[in-house]
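Colleague: Here's my sequence, what's the structure:
(chains A and B)
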Amino acid sequence: MISPSVDLIVQFGLMFAIGAIVAVALITIAHILAPTSKNPNKGLPYECGVLPDGDARLPYNVHFYLVAVLFVLFDLEAVFMYPWAVSLAKLGTVGLIEMFLFIFILLVGYFYAWKKGVLEWE
Amino acid sequence: MTTQDLIPIIPELILVLAACLVLVVEPFLKVDKTANVAIALTALLASGVVAVGLAGREQAAFTNMIVLNEYAIFFKVLFAAAGALTVMMSPRYLEASGRHMGEYYALLLFAVVGMDVMAASRDLIAFYVGLELMAVSSYLLAGFLRYQVRSNEAAMKYFLTGAFASAITLYGISLVYGMTGATNYEQVGASLLASGDSLAVGLATALVLVGMGFKVSVAPFHMWTPDVYQGAPTPVAAFFSVGPKAAGFSAMLMVFLTVFEVSSPTWSVLFIVLAILTMFVGNAFALTQKNVKRMLAYSSIAHVGYLLAGLGALGRSGTDLVAGESILFYLAAYTFMNLGAFGILAYLKTQQPATFKYSLADFAGLGRRSPWAAVLMGLFMFSLTGMPGTAGFVGKLYLFSSVVKADLAWLAVIAVLFSAVSAYYYLRVIVYMFFREPEVEYATKEPISGPLAASLALSAVGVVVIGLLPAWVLDAAQSSFGNFFG
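Modeller: Residues are numbered from 1 along each chain as shown, chains lettered A, B, ... in the order given. The predicted model follows:
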């Protein structure tokens, strides 16, 4: 193991120093190098060259969010199943039961979301 | 995994199944949520009873990630009790706030599972998973009254500081893993002992200590505590002040005793310094509070300070674990008295949902208005102060004498002085209740709900019984450590 304490100070010192230098440098360099031409139009939001119309912060249906979260959940469930399916021969019956338990818990969540009306779209 | 592996986690399995059941039943319940309250309460009681039934077994499961021993069982029972008392004081309060939903109980059960895992884990990863399960459930519980700005604020502050703290803890764990290539407590501890104390170990120790310090609100990482306790629903604040704190200490005790055994001189000094600071901050700020809920939040910080003094003593005393035992005892005593005090607040809030603002003035004349509530509140305040005959006294006696045994008599003197200061703000509540006339005359409304009354009564019984007959809890605390170094 290579951990005399001096090494460690050097390692951590370098890590923190590089982190700090990169952060400060990027902002400073951008500030110095970026061409500055003051024009009120540059403060406007960019909408593909068209003049912006209205507020960007529109209220939108919370259903989008809920469906997105549900999608991510079951998407990841499928991701977990790939390595499981590949190694199922080695895991045996216990592995099979474990995966069904996992699916059962997610199913409870799915049932809950369904019954709460998350999937109903008006 | 084998079937044998499931035996140590039976109490947790009961809770997880009950939480799933709550979620399945919830959509079918209209207004009356009694069924879900019953499920949650039954599950917590069953989990506690099963945990007691498992006493005497020593077993490691899931490739030594989770163990079943007296230590884990002590905390499983304690957490089940804290959860059950919280569940009992919740329904009426949530109804009064117009947010009585079954999800509350599911979240509470999941939080208790996370706490159980923290106490039972012997692996840094398992510990972290338990910590996150507890924390994520807690964030949601803090923001449960989502139409109240304060509750939202509490959830946001709790989430931000909690996520920050988790990251710091995880960084410390990653350093340990980098040095030893293991995450199992014993393996890491043995490996670090072999390679000796170094700056890297000290850094990892400090990072884990700071991360956990956030979780149990150690000064100077305590800033979120009063705001979160004030904004969260009162039963949730009650739960926060005992559950996650006890869980944090259960994990800290194990992690620092086994993983960081080699750096015990370092963390012992750190804990002593933080103990003094935490006792000072908690007590000094509690003195100035006019809001009883905030006062109790600062007082919980002060109590963490006393417990930290015990941890500091533990680092000094080598293989003598008397400080560890007295920390366990203190946590048990503290659970009952603090849940009781918050329970009274929840009761008073349900009496006057609109006018009761938890301020000291609201307590004026309580002794005449509802004498039972005032007497019980008096009992809990006496116990928090540490008056003889109550659980708080015995807890402080054991804790401070264990500090003296570790040759830290000066620290014990400081702790006693601070708890003498604490008498001022605890007894002030009693003065307001019995010797001050209210500015506005309140009419008492509906009678107390059954479960809430039971919760308060059980807390009071706990405080008195532990105060008068401390031996059985102390036996449990002593056998928890059993043959720790044997």
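
Colleague: And B:Thr42, what's its pLDDT?
Modeller: Turning to B:Thr42, the model gives it a pLDDT of 96.

Colleague: So it is in contact with B:Leu17, correct?
Modeller: No: look at B:Thr42 against B:Leu17 with CB atoms under 8 Å: they stay out of range, at 11.2 Å. Every residue, glycine included, has its C-beta placed from N, CA and C.

Colleague: Surely B:Phe127 is in contact with B:Ser121?
Modeller: Yes: applying CB under 8 Å, one finds B:Phe127 in contact with B:Ser121, separated by 4.2 Å.

Colleague: what sits in contact with each of these two?
Modeller: Common contacts of B:Phe127 and B:Ser121 (CB atoms under 8 Å, 6 or more residues apart in numbering or on different chains): B:Ala251.

Colleague: quick one, what contacts B:Asn338?
Modeller: By CB under 8 Å, 6+ apart, the neighbours of B:Asn338 are B:Ala238, B:Ser241, B:Val242, B:Leu296, B:Ser300, B:His303, B:Phe380, B:Leu384.

Colleague: 6 Å instead, please
Modeller: B:Ser241, B:Val242 (CB atoms under 6 Å, 6 or more residues apart in numbering or on different chains).

Colleague: what do you get for B:Thr225?
Modeller: B:Ser217, B:Ala297, B:Ile301 are the contacts of B:Thr225 under CB under 6 Å, 6+ apart.

Colleague: So what does the residue most central in space within chain A look like in phi/psi?
Modeller: Nearest residue to the geometric centre of chain A (CA atoms, centre = their mean): A:Val72, 10.4 Å. The phi/psi pair for A:Val72 (degrees, to the nearest 10) reads phi -60, psi -40.

Colleague: Give me the pLDDT value at it.
Modeller: On the pLDDT scale, A:Val72 gets 91.

Colleague: Wait, B:Gly130 touches B:Met115, no?
Modeller: No: under the criterion of CB atoms under 6 Å, B:Gly130 is not in contact with B:Met115, lying 7.1 Å apart.

Colleague: Residue numbers of chain B in contact with chain A?
Modeller: Within chain B, the positions near chain A by CB under 6 Å from any CB of the partner chain are B:Met1, B:Cys20, B:Leu23, B:Pro27, B:Ser198, B:Leu199, B:Ala200.

Colleague: What residues does the closest residue to chain B within chain A make contact with?
Modeller: Among the residues of chain A, A:Lys115 lies nearest to chain B; the distance is 3.4 Å by CB to the nearest CB. Taking CB under 6 Å, 6+ apart as the contact definition, A:Lys115 lies against B:Pro27.

Colleague: For B:Gly102, see how far away it is.
Modeller: 11 Å (CB to CB, to the nearest Å).

Colleague: Then B:Ala420?
Modeller: On the measure of CB to CB, B:Ala420 and B:Gly102 end up 45 Å apart.

Colleague: More neighbours: which of these two?
Modeller: B:Gly102 (23 against 12; other CB atoms under 10 Å in any protein chain shown).

Colleague: For burial, what's the neighbour tally of the residue nearest to that one when sequence neighbours are not counted?
Modeller: Once flanking residues are discounted, B:Gly102 sits nearest to B:Glu26: 3.5 Å by CB to CB, 6 or more residues apart in numbering or on different chains. Neighbours of B:Glu26 under the rule other CB under 10 Å: 21.

Colleague: Excluding chain neighbours, what is closest to B:Ala165?
Modeller: B:Phe214 (3.2 Å).

Colleague: So the one you found lies in a strand, does it not?
Modeller: No: per DSSP: H, G, I helix; E, B strand; the rest coil, B:Phe214 lies outside any strand segment and is helix.

Colleague: Can you get me a residue count around residue 63?
Modeller: By default, I'm working from chain A. With other CB under 10 Å as criterion, A:His63 counts 14.

Colleague: oops, chain B please
Modeller: So B:Thr63, with other CB under 10 Å, has 10 neighbours.

Colleague: Quick check: it is in a helix.
Modeller: No: counting by three-state DSSP, B:Thr63 is located in no helix; its state is coil.

Colleague: Tell me the predicted confidence for it.
Modeller: B:Thr63 is assigned a predicted lDDT (pLDDT) of 87.

Colleague: Next: B:Val22.
Modeller: Taking B:Val22 on its own, its pLDDT is 94.

Colleague: My guess is it contacts B:Asn36. True?
Modeller: Yes: using CB under 6 Å, B:Val22 is in contact with B:Asn36, at 5.0 Å.

Colleague: shared neighbours of the two, anything?
Modeller: B:Gly102, B:Tyr105.

Colleague: the more surrounded of those two?
Modeller: Ranked by neighbour count (other CB under 10 Å), B:Val22 and B:Asn36 place B:Val22 first, with 28 against 25.

Colleague: now that one, nearest residue through space, not along the chain?
Modeller: B:Ala106 (4.4 Å).

Colleague: Near that neighbour, how many residues? Count them for me, please.
Modeller: Neighbours of B:Ala106 using other CB under 10 Å come to 27.

Colleague: Using the three-state scheme, assign it.
Modeller: Assignment for B:Ala106 (three-state DSSP): helix.

Colleague: contacting residues for whatever residue of the stretch 301-450 of chain B ends up closest to chain A?
Modeller: Residue nearest to chain A within the stretch 301-450 of chain B: B:Gly315 (20.9 Å; CB to the nearest CB). Contacts for B:Gly315 (CB under 6 Å, 6+ apart) come out as B:Ser264, B:Trp267, B:Ser268.

Colleague: Need the nearest residue in space to the first one, chain neighbours excluded.
Modeller: Taking CB to CB, 6+ apart as the measure, B:Ser264 lies nearest to B:Gly315, with 4.4 Å between them; neighbours along the chain are not counted.

Colleague: can I assume the one you found sits in a helix?
Modeller: Yes: judged by three-state DSSP, B:Gly315 forms part of a helix.

Colleague: quick one: pLDDT of residue 49?
Modeller: Because you didn't say which chain, this covers chain A. Looking at A:Gly49, its pLDDT stands at 74.

Colleague: Chain B is the one I meant
Modeller: 95.

Colleague: okay, B:Gly130 and B:Met115: which has more neighbours?
Modeller: B:Met115 (32 against 24).

Colleague: which stretches of the stretch 1-150 of chain B form strands?
Modeller: According to DSSP state E, counting those that start in this stretch, the stretch 1-150 of chain B carries its strands in the segments B:59-61, B:66-68.

Colleague: list the contacts for the residue nearest to the centre of chain A?
Modeller: Taking CB under 6 Å, 6+ apart, one finds nothing in contact with A:Val72.

Colleague: what number of residues lie near the residue lying closest to B:Leu175 once chain neighbours are set aside?
Modeller: Closest residue to B:Leu175 apart from its sequence neighbours, by CB to CB, 6+ apart: B:Ala204 at 4.0 Å. By the measure other CB under 10 Å, the count of residues near B:Ala204 is 26.

Colleague: With that, I have no additional questions.
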